[in-house]
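> Sharing a model prediction with you, sequence too.
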2 protein chains.
Amino acid sequence: MSSIIDKKMNAKTRSFEKTRQTLNVTGLRVTNQRALIMDIIRQGDEHLDADEVYRRARAKQPRLSLSTVYRTLQALKKVGLVEEVHIDETRHYYEIKPPTEHHHLVCLECGRVVEFQYPLARLIKRKVIEAKDFEITGSEIRMTGYCPSCRQKRK
Amino acid sequence: MSSIIDKKMNAKTRSFEKTRQTLNVTGLRVTNQRALIMDIIRQGDEHLDADEVYRRARAKQPRLSLSTVYRTLQALKKVGLVEEVHIDETRHYYEIKPPTEHHHLVCLECGRVVEFQYPLARLIKRKVIEAKDFEITGSEIRMTGYCPSCRQKRK
DNA sequence: TACTAGATGCAAATGAGTAGCATTATTGAT
DNA sequence: ATCAATAATGCTACTCATTTGCATCTAGTA
């Protein structure tokens, strides 16, 4: 039975279904809005802010409201499915919680964001935990500077 | 002549004068408002947000406006005299640009902020520069977690 | 001392994020 | 499959940090 369904499903539907599965185990109710929002973040190659998620989501579900986007983002963050990143100071961005730790490098000129890997956790966490006796739940490195092409232009 | 003045000056006046000197070399005009604001940040042991700076400043100069605080903070940041730190997501905090690199550890429960030293620059910058060819101008680590006393309470 | 660009004060605007509340939809039990 | 309980949604109105426009003032300089 599910094989028939499988054959009918295109790539998009399948991704959507997978998202529903994922949501299901979190205890959150599985609504179309949530599945859609999460799907958008999963598909989104860049970091998306609430408004961009909203714009993309409305293309599919015009009645969806911005509050729902905000609330869903908070909910997904709380259950650990998405991560909130602080790339610039004016808004929050979201990405699917990544399996490998990475951080962000922001060009002050053009705003381009480059990710870089760095095992901050392993190196620093232990020291900080020992020294300050904190229980660490999250860590983020944000570096700012100028990307190659902008550096060129400035000269 | 200056010796007479020196004798008349109390600690506060002296700090204020020092601040004027500092401002003078930046090319920024030395106004009472700016000297006062910078002085407040210098004296402030904690991290201050714009509103707290405003409150403290008005005690001395009641006519000073909040816009001036914001504009001054931006100006001081631009010339590199103060640093903007992103401890929580709702507002910006400011501190005198420190000689030794340090970062912040925020308790998610009580909001307490603990600084910790870590030579991020030396360790990571080189790698990032090599790998991504960025020119790095600033870096910030923000770790979140639970401080000892809040951890206690949670149990 | 007079000029002038840069700084200030005030008030109004902006914009991200939140909250209240009536309506709707999901889920677990019947 | 139906239904009640309750979580989620869609509005709209709000909050609150930060910004902006503009008339006025003032520090630095000729």
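Nice, I can see it.
> quick one, domains of chain A?
A:1-98, A:100-155 (automatic domain parsing).
> Nearest to DNA strand D among these would be which one?
Closest of these to DNA strand D is domain A:1-98, at 3.4 Å (criterion: Cβ to the nearest atom of the strand). Yep, even glycine has a C-beta here, placed from its N, CA and C like the rest.
> so how far is the closest one off the chain centroid?
Distance of domain A:1-98 from the chain centroid (Cα atoms, centre = their mean, to the nearest Å) equals 9 Å.
> quick one on the thing from earlier: closest to B:Ile37 out of the domains of chain A?
Shortest distance between B:Ile37 and the domains of chain A, using Cβ to Cβ, is found for domain A:1-98: 19.6 Å.
> Check whether the nearest residue to A:Arg34 once chain neighbours are set aside sits in a helix, strand or coil.
Distance criterion Cβ to Cβ, 6 or more residues apart in numbering or on different chains; nearest residue to A:Arg34, sequence neighbours excluded, is A:Thr72 at 5.3 Å. At A:Thr72 the chain is in helix, as set by DSSP: H, G, I helix; E, B strand; the rest coil.
> In this structure A:Thr72 contacts A:Ile37, no?
Yes - using Cβ atoms under 8 Å, A:Thr72 is in contact with A:Ile37, at 4.8 Å.
> if you count what's nearby, which of those two comes out ahead?
More crowded of A:Thr72 and A:Ile37, by other Cβ atoms under 10 Å in any protein chain shown: A:Ile37, with 29 against 25.
> what's the pLDDT at that one?
Listed pLDDT for A:Ile37 reads 97.
> Helix or strand for it, just tell me which one.
A:Ile37 belongs to helix A:32-43 when assigned by DSSP states H and E.
> and the next helix or strand after that helix, what other elements does it pack with?
Later in the chain than helix A:32-43, the nearest helix or strand by DSSP H and E is strand A:48-49. Contacts defined by 3 or more Cβ pairs under 8 Å, 6 or more residues apart in numbering or on different chains; DSSP states H and E place strand A:48-49 against strand A:93-96.
> Can you give the strand pairings for the strand it packs on, parallel or anti for each?
Note on strand A:93-96: by DSSP bridges, its sheet partners are strand A:48-49 (antiparallel), strand A:82-85 (antiparallel).
> for the ones you listed, which one sits closest to DNA strand C?
Closest approach to DNA strand C among the strands paired with strand A:93-96 (Cβ to the nearest atom of the strand): strand A:48-49, 5.8 Å.
> Is that closest one in proximity to DNA strand C?
Yes - with Cβ under 7 Å from any atom of the strand as the measure, strand A:48-49 is seen reaching DNA strand C through A:Asp49.
> Quick check: bridge partners of the most centrally placed residue in chain A?
Centroid-nearest residue in chain A: A:Glu95, 0.9 Å away (criterion: Cα atoms, centre = their mean). According to DSSP bridges, the residues that bridge with A:Glu95 are A:Glu83.
> That one against A:Ile41, yeah?
Yes - the pair A:Glu95 / A:Ile41 is scored as a contact, 6.7 Å apart, by Cβ under 8 Å.
> Name the residues contacting each of these two.
Contact criterion Cβ atoms under 8 Å, 6 or more residues apart in numbering or on different chains; residues shared by A:Glu95 and A:Ile41: A:Leu48, A:Val82.
> Can you show me the strands along chain A?
A:48-49, A:82-85, A:93-96, A:102-107, A:113-117, A:135-146 (DSSP state E).
> and the longest one, what does it pack onto?
Contact analysis of strand A:135-146 by 3+ Cβ pairs under 8 Å, 6+ apart lists strand A:102-107, helix A:126-132, strand B:135-146 as its packing neighbours.
> Any chance of JSON lines for those, columns mean pLDDT?
Converted to JSON lines, the helices and strands packed on strand A:135-146 look like this (pLDDT from 0 to 100):
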{"stretch": "strand A:102-107", "mean pLDDT": "90"}
{"stretch": "helix A:126-132", "mean pLDDT": "82"}
{"stretch": "strand B:135-146", "mean pLDDT": "88"}
